[in-house]
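> A predicted structure for the sequence below; I have some questions about it.
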Amino acid sequence: MATATDTIVDQQAQQQETQLWSGGKSPFKTSYGKLMMWYFLLSDAFTFAAFLITYGAIRFSIGQENWPNPAKVFDAFPLLGHGYPLMFVSLMTFILIMSSVFMVRAVQEGQMMNKKGVVMWLGLTIIGGLAFLGCQAYEWYHMIELGMHGEPGGMTITQPITYYTGAHHTGELFTGPLAFGHLFYAITGFHGFHVFTGVMINIIVFVNVLANTYEKRGHYEMVEKVGLYWHFVDLVWVFVFLGFYLL
Amino acid sequence: MMTQEEYKHHVSSVWKATGILAAVTIVEVVIALIYDNYFPDSGLRMGLNIFMIVATLVKAFYIVAVFMHLKYERKALALTILMPLVFLVWFIIAFVWEGISWYNLRIF
């Protein structure tokens, strides 16, 4: 049974709701910059999803039996040589996840207005990003050295591709491993480019932190914004890892 | 500006999420290696794939909710970001379907 107080409370709540959306303040309780970063990341998520789904569609069209075994695609490890499937990419995953964790810590220290903390954690984030890029360079170098390039006859290392010898329908049969190489470099390359730009933006913000730019501004929101971008890069890697190495 | 209490809570939830992400990744890799070395032709590939997809979604949840802080944002904001991703369900089904169709049209 609705009492008079309930009605008043209801009215007050309703008033607050209308005020929230009646302009003059953010209904999402967030700044313009952070909101737009979220929507940019949403659009970027669709771009990556389109890439990965294309990978899936082409893989299905070739058939599982003609596709390189994902776990064996890359089995080298620095100083140890070959025969360590998944190890190196797992290391890369760890590096990127840890870098992402350092970034959250930088964001949190920024919210506490603790400049020293931001400098330390953001510095570690940048080192993590550079380490990841180094690992990717190592991986690409080996892939290319081992013959995975976009030419017929490449890709021999990942799986013996018997159907190269079958002379009939060659045009179609080449599609599998060739497409694998193309998609691999396109998708990991596009992701690597995101990591690269992320590191660059992190360095710019790092310099600004050192120069007291955000201290003067009164808030470290810029760290939060680049933080969102950096976590997104980590998020995408989780799915690239799934598509290329686990499935 | 956060209070000291909130700060402590957020920091501990971040380390907890880190532990979960690390554990899930290790489990994924170990299972993938065991499968590949001992049961490569056991016909359980589909089950393995489902496990990998679920594990990846768990990781994605922790990254988005805790690291990207979406759990603590207003629900309306979270919905405007998450709802459009529903289109991906159609996207995946349509293109897997298409890929299988191409496969059936090929002459091997």
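Yep, it's here. The structure displayed is predicted, hence computed values, not measured ones.
> Tell me where the model's unsure across chain B.
Residue ranges of chain B with pLDDT under 70: B:1, B:107-108.
> what do you get for chain A?
In chain A (pLDDT under 70), the answer is A:1-7, A:9, A:12-18, A:70-73, A:146-178.
> Can you check which helix is longest in chain B?
Criterion DSSP state H: the longest helix present in chain B is helix B:4-38.
> That helix - contacts with which helices or strands?
Applying 3 or more Cβ pairs under 8 Å, 6 or more residues apart in numbering or on different chains; DSSP states H and E, one finds that helix B:4-38 contacts helix A:87-111, helix B:45-62. From N, CA and C alone the C-beta is placed, and that goes for glycine too.
> The shortest one and chain A, any residue contact?
Translated: helix B:45-62. Yes: contact of helix B:45-62 with chain A (Cβ under 8 Å from any Cβ of the partner chain) involves B:45, B:49, B:52, B:53, B:56, B:59, B:60.
> residues contacting residue B:91?
Listed by Cβ atoms under 8 Å, 6 or more residues apart in numbering or on different chains, the contact partners of residue B:91 are A:49, A:50, A:53.
> Name the nearest residue to the second one, sequence neighbours excluded.
Counting by Cβ to Cβ, 6 or more residues apart in numbering or on different chains, the nearest residue to residue A:50 once its immediate chain neighbours are dropped is residue B:91, at 7.6 Å.
> The first one too?
What sits nearest to residue A:49 in space, not counting adjacent residues and going by Cβ to Cβ, 6+ apart, is residue B:88, at 5.4 Å.
> From residue B:58, how far out is residue A:190?
Counting by Cβ to Cβ, to the nearest Å, the gap from residue A:190 to residue B:58 is 25 Å.
> related to what we said a few turns ago, tell me which of the contacts of residue B:91 is nearest to residue A:63?
Checking these against residue A:63 with Cβ to Cβ, the nearest one is residue A:53 at 17.7 Å.
> Count the neighbours of the closest one for me.
As a burial measure, residue A:53 scores 20 neighbours (other Cβ atoms under 10 Å in any protein chain shown).
> same question, residue B:72
Residue B:72 has 12 neighbours, counted by other Cβ under 10 Å.
> coming back round to it: looking at the helices and strands packed on helix B:4-38, spot the one closest to residue A:205.
Comparing the helices and strands packed on helix B:4-38 by their distance to residue A:205 (Cβ to Cβ), the top pick is helix A:87-111, with 9.1 Å.
> Following the chain onward from the closest one, which element is next?
Per DSSP states H and E, the first helix or strand lying C-terminal to helix A:87-111 is helix A:115-145.
> Show me what counts as buried in that following helix.
The neighbour-count check on helix A:115-145 (16 or more other Cβ atoms under 10 Å in any protein chain shown) flags A:115, A:118, A:121-126, A:128-133, A:135-136, A:139-140, A:142-143 as buried.
> Now do it and helix A:87-111, the angle between them.
Here helix A:115-145 runs at an angle of 160 degrees relative to helix A:87-111 (axes from the mean of the first three to the mean of the last three Cα atoms, to 10 degrees).
> If you count contacts, what does helix A:115-145 end up packed against?
When contacts are defined as 3+ Cβ pairs under 8 Å, 6+ apart, helix A:115-145 packs onto helix A:87-111, helix A:175-210, helix A:221-241.
> let's see it at 6 Å
Applying 3 or more Cβ pairs under 6 Å, 6 or more residues apart in numbering or on different chains; DSSP states H and E, one finds that helix A:115-145 makes contact with helix A:87-111, helix A:175-210.
> Roughly how far does whichever residue of chain A sits closest to chain B sit from residue B:89?
Per Cβ to the nearest Cβ, residue A:60 is where chain A lies closest to chain B, at 2.9 Å. Taking Cβ to Cβ as the measure, residue A:60 falls 17 Å from residue B:89.
> quick one: which of these two has more around it?
Ranked by neighbour count (other Cβ under 10 Å), residue A:60 and residue B:89 place residue A:60 first, with 19 against 9.
> OK, contacts around the nearest residue to the more buried one once chain neighbours are set aside?
Nearest non-adjacent residue to residue A:60, counting by Cβ to Cβ, 6+ apart: residue B:99, 2.9 Å away. If you count contacts by Cβ atoms under 6 Å, 6 or more residues apart in numbering or on different chains, residue B:99 has them with A:57, A:60, A:61.
> Report the inter-axis angle for the helix or strand that contains residue B:99 versus helix A:175-210.
Assigned by DSSP H and E, residue B:99 belongs to helix B:87-105. Here helix B:87-105 runs at an angle of 160 degrees relative to helix A:175-210 (the same axes, to 10 degrees).
> Great, nothing more from me.
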